[in-house]
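Asker: predicted model and sequence follow; I will ask about them next.
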Amino acid sequence: MSEQAPTSRLNYDGDLESVVQRLCEAYGVGTSTHHSVIEMGYEDCNVIIDTEQDRFMAKMFAKTRTPDDVSRYAGIMQKVVEAGVHHPELISTANGEMVYTDSGITLVLMRFVEGKTFFELGRIPDDEERKAILEQAAKINNINYEPPYLFDSWAIPNIRTMFERVQQYIEPDDLQLVSKAMEQYEAIPVDELPYCFVHGDIIKTNLVKADDGGIYVLDFSVANRYPRIQELAVIAANLLHDENGSSLKERCEQIADEYSQLNPLTLQEREHLYAYALAGVAMEFMGSHQEKHINGNDSEETDYWLKLGREGLRRALN
């Protein structure tokens, strides 16, 4: 099995210890006593840092990120925090800057939220948690901000591009299901739907149930301006997926009702949410093929997303 270490994504080759010590000094958070790399995720490298003061997380940007990408992320973080979204507290350097660079590594630092993601918990949110998450989604979608566009290969509007990249690796029976999902998505009049600022990746690994009971939304790196229902489609396809639970269509109807109590959906949005969410399931399935066969990341995480996508497609379409 080939599994890429998150540190391999950095523009740096060596022990992170010295970098961690200097960033702690720059941010004024004390001396590092221990640090560890979070293994989950495909984009950047996230590092948990313990100091005598507290616990923090450094988001170290991948070497593929341009300075404009980093500036974009910092701008989004500022807007999100200003809007009161439940996000880990951002830390600024002594110079009042959010972004710090050392030895080719560019990063931001935030306070670590003690708790577990829903992926770590191994379950979907309960009724109370689901409503709290939808409240955060509604708050995010109400942020009046349009960041510079960032191409995200996993984003649902890029389903045709993803299909053309990975179709050769998909088994014939599964390819038929993916094609059905794509056909339904491409029948949606996407340009006629309401657009807004969308996190775009509210999935099990990006939501923390804190030890104090609160729920925090992580990782806005692929946030963009998209059709509003994209937020709900991803939630239905991933976060609320339970192999023994309700169907995708039932999940879409439930969250459409609950979200509409906060941000009323249009009739057109309700009509097309299921097809949009089905495309989200297909993108999880195809995205895992991209990681495995094109990016060479044959990890347990990749296998998890592949299984989740295949199961979701078969339940919805067979």
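Answerer: Nice, I can see it. Numbers count the residues shown, from 1 in each chain.

Asker: give the contact list for Asn144.
Answerer: Applying C-beta atoms under 8 Å, 6 or more residues apart in numbering, we find Asn144 in contact with Phe197. (Glycine included, C-beta is placed from N, CA and C.)

Asker: ok, now how distant is it from Leu317?
Answerer: As judged by C-beta to C-beta, to the nearest Å, Asn144 and Leu317 stand 38 Å apart.

Asker: please apply the same query to Leu273.
Answerer: Counting by C-beta to C-beta, the gap from Leu273 to Leu317 is 17 Å.

Asker: and the two? which has more neighbours close in?
Answerer: Using other C-beta atoms under 10 Å, the more surrounded residue of Leu273 and Leu317 is Leu273, with 27 against 16.

Asker: wait, the more buried one sits on Ala233?
Answerer: Yes: with contact defined as C-beta atoms under 8 Å, Leu273 counts as touching Ala233 (6.4 Å).

Asker: what do these two both touch?
Answerer: With C-beta under 8 Å, 6+ apart, Leu273 and Ala233 have common neighbours Cys252.

Asker: my read is that Ala26 contacts Tyr100, right?
Answerer: Yes: assessed by C-beta under 8 Å, Ala26 is found in contact with Tyr100 at 5.4 Å.

Asker: neighbour-wise, which of those two wins?
Answerer: More neighbours surround Tyr100 than the other of Ala26 and Tyr100, with 21 against 18 (other C-beta under 10 Å).

Asker: the helix or strand that one falls within: which residues count as buried?
Answerer: Per DSSP states H and E: Tyr100 is located in strand 99-102. Judged by neighbour count using 16 or more other C-beta atoms under 10 Å, the buried positions of strand 99-102 are 99-100, 102.

Asker: tell me which strands that strand pairs with, and in which orientation.
Answerer: Using DSSP bridges, the strands paired with strand 99-102 are strand 105-111 (antiparallel).

Asker: restricting to C-alpha, output the partner strand in CSV.
Answerer: Included here for strand 105-111 are C-alpha records, laid out as CSV according to Å, rounded to 0.1, in the frame of the first residue of the first chain:
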residue,chain,number,x,y,z
ILE,A,105,6.7,26.7,5.0
THR,A,106,3.8,29.2,5.0
LEU,A,107,1.2,28.6,7.7
VAL,A,108,-1.6,29.9,9.9
LEU,A,109,-2.0,29.1,13.6
MET,A,110,-5.3,28.5,15.5
ARG,A,111,-6.2,27.3,18.9
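
Asker: 263 is where my numbering starts, stick with that
Answerer: Done: numbering now begins at 263, and the last item shifts to strand 367-373.

Asker: residues of that strand that come out buried?
Answerer: 367-372.

Asker: now flag whichever of those is closest to Ile464.
Answerer: Met372 (17.9 Å; C-beta to C-beta).

Asker: excluding its backbone neighbours, what's nearest the closest one?
Answerer: Nearest in space to Met372, with sequence neighbours left out and distances taken as C-beta to C-beta, 6 or more residues apart in numbering, is Pro350 at 4.2 Å.

Asker: which helix or strand contains that neighbour?
Answerer: Short version: Pro350 belongs to no helix or strand, going by DSSP H and E.

Asker: ranges for the strands of the chain?
Answerer: 294-299, 307-313, 317-322, 352-353, 361-364, 367-373, 377-379, 457-460, 469-472, 477-479, 486-489 (DSSP state E).

Asker: and the fourth one, what does it pack onto?
Answerer: So that's strand 352-353. helix 329-344, strand 367-373 (3 or more C-beta pairs under 8 Å, 6 or more residues apart in numbering; DSSP states H and E).

Asker: quick one on the thing from earlier: can you put the buried residues of strand 367-373 in a markdown table and add pLDDT and distance to Glu279?
Answerer: Below are those laid out as a markdown table (pLDDT from 0 to 100; distance: C-beta to C-beta, whole Å):
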| residue | pLDDT | distance to Glu279 |
| --- | --- | --- |
| Ile367 | 96 | 13 |
| Thr368 | 96 | 18 |
| Leu369 | 96 | 15 |
| Val370 | 96 | 20 |
| Leu371 | 97 | 16 |
| Met372 | 96 | 20 |
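
Asker: can I see the domain layout of this structure?
Answerer: 268-374, 379-579 (automatic domain parsing).

Asker: most tightly surrounded among those?
Answerer: Compared across the domains of the chain, domain 379-579 shows the largest average neighbour count, a mean of 18 (mean count of other C-beta atoms under 10 Å).

Asker: re the thing from before, please produce a markdown table containing the buried residues of strand 361-364, extended by distance to Cys458.
Answerer: Converted to a markdown table, those look like this (distance: C-beta to C-beta, whole Å):
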| residue | distance to Cys458 |
| --- | --- |
| Val361 | 26 |
| Tyr362 | 31 |
| Asp364 | 36 |
